[in-house]
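Undergrad: no sequence for this one, just the structure:
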């Protein structure tokens, strides 16, 4: 039979408690080694978490701004690319249309008109650009294709110009159709399918809102479509049999297209300013985020050398305790008296 005194029980309990404490320290230090962060943050911040909480709040806000900035960059970049494609088409076509004259043959007039119809289809496709499931030129109606196909536009214009015998009359009717207010049965009613409300501003930084008001209903876009559609009507049968009148209508279209080009340049310049502002705010946010990240790391990061040294010390203490426990468990009266 083995007898154990009260003193032996107390010593055994104390050793068990010390063993549990050392094991907890080993686990905590091992966790610090693997994560690189202090296991006892309360001690690291002197039990005052206000500074760390403030840093975390600011980092979360900057993360949200980063998401908004990325979205704004994608939106404005896609819009700029679409307008660039439109500009390339119209810059090439405008001088060709203005070269039409009364001396142009039927074949030449028809070829120019067909080029204009192809250009109209290309421009409409660019205006209907969809990025990440959003139509960027539809205002707030980003789930709706903003512009009807060129066929629908020309069908409406055929009805609006039916029976008009002169090039100037046709050109004026086309202009009125594109410039008409909502409810007048023109472009804004029959061709533009987006929202009259521009998309909301992007919150890209603290107190930094960037608005992009370009839609396919913008006057600059309508003026450009006006020139293209006027020329495309010639390919659609406008003033049929009147070769000089058809050539004159093409010149009208070329002049309108060239004039609209200036408005398009202004539109792209304004958009470029917005892009530059977004990029500047993004750079500032990134720098602030980096600074806060460094500050946070200084609070929560564990020194790997210090942690490794402490871990080695605690492991040594634990091994020593195991050795003492084993020796005590083998003690006998003979060994004590020896």
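TA: In hand now; what should we look at? It should be emphasised that the depicted structure is a prediction, and the values quoted were computed from it without experimental measurement.
Undergrad: going forward, measure contacts between C-alpha atoms and count neighbours the same way
TA: Noted.
Undergrad: ok, now which ones touch residue 133?
TA: residue 143 (CA atoms under 8 Å, 6 or more residues apart in numbering).
Undergrad: now do residue 195
TA: 138-141.
Undergrad: and it, backbone torsions?
TA: Per-residue torsions, residue 195: phi -100, psi 150 (degrees, to the nearest 10).
Undergrad: Low-confidence ranges, the stretch 101-250 of the chain, go.
TA: Across the stretch 101-250 of the chain, the ranges flagged by pLDDT under 70 are 102-103.
Undergrad: Setting aside sequence neighbours, what's the nearest residue to residue 160?
TA: Closest residue to residue 160 apart from its sequence neighbours, by CA to CA, 6 or more residues apart in numbering: residue 173 at 6.7 Å.
Undergrad: Pretty sure the one you found sits against residue 161.
TA: Yes: judged on CA atoms under 8 Å, residue 173 makes contact with residue 161 at a distance of 6.1 Å.
Undergrad: mind listing the helices for the chain?
TA: Assigned helices in the chain, in chain order: 6-35, 41-44, 50-98, 106-127, 150-161, 167-179, 187-190, 219-235, 243-300, 304-329, 333-337 (criterion: DSSP state H).
Undergrad: what about the residue positioned nearest the centre of the chain, distance to residue 111?
TA: Of all residues in the chain, the one closest to the mean position by CA atoms, centre = their mean is residue 71, 1.4 Å from it. According to CA to CA, to the nearest Å, residue 71 stands 42 Å off from residue 111.
Undergrad: One more: residue 14?
TA: 101 Å.
Undergrad: Could you do residue 89 as well?
TA: From residue 89 to residue 111 the distance is 16 Å (CA to CA).
Undergrad: Among these two, which residue is more densely surrounded?
TA: Each of residue 89 and residue 111 has its neighbours counted (other CA atoms under 10 Å); residue 89 has more, 17 against 14.
Undergrad: What sits closest to the more buried one if chain neighbours are left out?
TA: residue 119 (6.5 Å).
Undergrad: show me the contacts for the one you found.
TA: Here residue 119 is in contact with 89-90, 93, 228 (CA under 8 Å, 6+ apart).
Undergrad: Pull out the buried residues from stretch 109-127.
TA: 109-110, 112-127 (16 or more other CA atoms under 10 Å).
Undergrad: Ok, stretch 291-299 next?
TA: Those would be 292, 296, 299, for stretch 291-299 by 16+ other CA under 10 Å.
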